[in-house]
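J.: here is a sequence with its predicted model. Questions after.
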Amino acid sequence: MHIKILGSAAGGGFPQWNCACRNCRELRAGKLNASARTQCQVAVSGSHAEWFLLNASPDLRMQIVGTLELDSRGHLRDPEGLGERGVRHSPIVGVVLTGGDLDQVLGLLHLRELEPLHIYATASIRRLLREQNIFFNMLTQQPWQSVWTDLVPGERFALVASAESTSKLVCQAISLGGGLPAYVGEKQAADVRPVEAILGLFLQSSEDGERMAYLPAVPAVDDRLLSMLESCDLVLFDGTFWADDELVRVQGGGRSARQMGHLPISGPGGSLERLAKLSRPHKVFVHINNTNPILDKDSPQYREVREAGWEVAEDGWEFRLRQAKPTLAL
């Protein structure tokens, strides 16, 4: 299995366009030991010929253009630049949605250029996008343009784009609870099943048994989830906030991390504590908010997560899973 982290920041990226917090201010000034990041986006492949996106970030277009394996340049078949399918081709064959937040779905509109696409989502999220938002009709300009498949939390399914698919990946989505996107009104909310609102994804190679988890938004961690994470070779986990009151302290008000559906990294019951006993997986924080001190490699918080066995994802990282031993290729 081949995993590429195209973007590693939470919504707004890093630095965030309208933010002058310490991290954003010092990064712009070149005084922070950190790298800029685009909004969270992961791509996976089991065959290197077909790629599936886990969500579709608002930064997706430039993430694709900056990634040879996902850009049409990497799949040209003749010296004049004409692929087997002509001048247009994409190795991206599908998208799996973990929810309906704008940061997870806006990138779908970048994929409207009449390429066949298989989209996996819960029935609730599909209805929000296809039946209650006319913008997403751009994905159905032609009957063959997009195929939507309803996934059911807890059930396993082959991740395929067509009958000829070579993906070799099996996916299982689990419900993580949590709330609905902010744009969902009271009338729309009545049509959404809470168990279908926020998902975590577990992907496994049907060929080698390699297994990874992708959980960019985690409201809480129970014992069942811990057991599932222990079975993985690689875990990409919600690293949005360091502290529960992080935004309150930075902004002078607002909601806590838990109120926003994100388990903080630090503190009692935080992810460092809850996941401390995981021994098998390679653990990586993703979806990191611009206010999070772990972005600064000189900070005590960064040292703490590294000493606890975690890595802090950066854009452009890629992992190759081979017999339960992830290899980070930069």
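T.: Alright, I've got the coordinates.
J.: for L263, list the residues it contacts.
T.: 218-221, 238, 257, 269-271, 274 (CB atoms under 8 Å, 6 or more residues apart in numbering). All C-beta atoms are positioned from the backbone trio N, CA, C, and that covers glycine.
J.: what helix or strand does L27 sit in?
T.: Taking DSSP states H and E as the definition, one finds L27 inside helix 22-28.
J.: rewinding a little: in helices only, show me the contacts of L263.
T.: Counting by DSSP state H, the part of these found in helices is 271, 274.
J.: now intersect the contacts of L263 with the strands, please.
T.: D238 (DSSP state E).
J.: against Y302, how distant is T98?
T.: For T98, the distance to Y302 equals 26 Å [CB to CB, to the nearest Å].
J.: between those two, point out the one with more neighbours.
T.: Remark: of T98 and Y302, T98 carries more neighbours, 24 against 20, as counted by other CB atoms under 10 Å.
J.: what residues are up against the more buried one?
T.: 54-55, 104, 173, 198-201, 214-217.
J.: so for D101, what's the pLDDT?
T.: pLDDT, D101: 95.
J.: pretty sure it sits against G178.
T.: No - counting by CB atoms under 8 Å, D101 stays clear of G178, with 10.3 Å between them.
J.: could you list the low-pLDDT ranges of the protein?
T.: 73-86, 163, 323-330 (pLDDT under 70).
J.: so what's the residue count around the closest residue to N292 other than its chain neighbours?
T.: Nearest residue to N292, sequence neighbours excluded (CB to CB, 6 or more residues apart in numbering): W242, at 5.0 Å. Summarising burial for W242: neighbours were counted as other CB under 10 Å, giving 26.
J.: W242 in helix, strand or coil?
T.: coil (DSSP: H, G, I helix; E, B strand; the rest coil).
J.: mind listing what it touches?
T.: So W242 contacts 264-266, 292-294, 301 (CB under 8 Å, 6+ apart).
J.: separation between it and R249?
T.: Separation of W242 from R249 (CB to CB): 11 Å.
J.: still on that earlier bit, any residues touching the helix holding L27, and which ones?
T.: Contacts of helix 22-28 (CB under 8 Å, 6+ apart): 14-16, 32, 34, 36, 290-293, 295-296.
J.: mark which of the residues you listed are buried, thanks.
T.: Among these, the ones that count as buried by 16 or more other CB atoms under 10 Å are 14-16, 32, 34, 290-293, 295-296.
J.: possible to save those residues as JSON lines with secondary structure and distance to S231?
T.: Listed next are those as JSON lines, based on DSSP: H, G, I helix; E, B strand; the rest coil; distance: CB to CB, whole Å:
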{"residue": "F14", "secondary structure": "strand", "distance to S231": "31"}
{"residue": "P15", "secondary structure": "coil", "distance to S231": "37"}
{"residue": "Q16", "secondary structure": "coil", "distance to S231": "35"}
{"residue": "L32", "secondary structure": "coil", "distance to S231": "37"}
{"residue": "A34", "secondary structure": "coil", "distance to S231": "33"}
{"residue": "N290", "secondary structure": "coil", "distance to S231": "33"}
{"residue": "T291", "secondary structure": "coil", "distance to S231": "33"}
{"residue": "N292", "secondary structure": "coil", "distance to S231": "28"}
{"residue": "P293", "secondary structure": "helix", "distance to S231": "31"}
{"residue": "L295", "secondary structure": "helix", "distance to S231": "30"}
{"residue": "D296", "secondary structure": "coil", "distance to S231": "33"}
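J.: nearest to L225, of the residues you listed?
T.: Looking at the buried ones among the contacts of helix 22-28 and their distance to L225, the nearest is N292, at 21.9 Å (CB to CB).
J.: so that closest one sits right up against V250, yeah?
T.: No - applying CB under 8 Å as the test, N292 and V250 come out as separate, 10.1 Å apart.
J.: need the helices for the stretch 201-330 of the chain, in chain order.
T.: Counting by DSSP state H, counting those that start in this stretch, the stretch 201-330 of the chain has these helices, from start to end: 223-230, 246-251, 271-274, 300-307.
J.: quote the end-to-end distance of stretch 288-298.
T.: 16 Å (CA to CA, to the nearest Å).
J.: centre of the chain to it, how far?
T.: For stretch 288-298, the separation from the chain centroid amounts to 18 Å (computed by CA atoms, centre = their mean, to the nearest Å).
J.: same check, this time on stretch 249-266
T.: Worked out by CA atoms, centre = their mean, stretch 249-266 lies 20 Å from the chain centre.
J.: test my guess that W310 contacts K283.
T.: Yes - using CB under 8 Å, W310 is in contact with K283, at 4.8 Å.
J.: got the end-to-end distance for stretch 147-158?
T.: 15 Å.
J.: residues contacting it, please?
T.: So stretch 147-158 is in contact with 96, 116-123, 126, 130, 165, 167, 169-175, 195-196, 199, 206, going by CB under 8 Å, 6+ apart.
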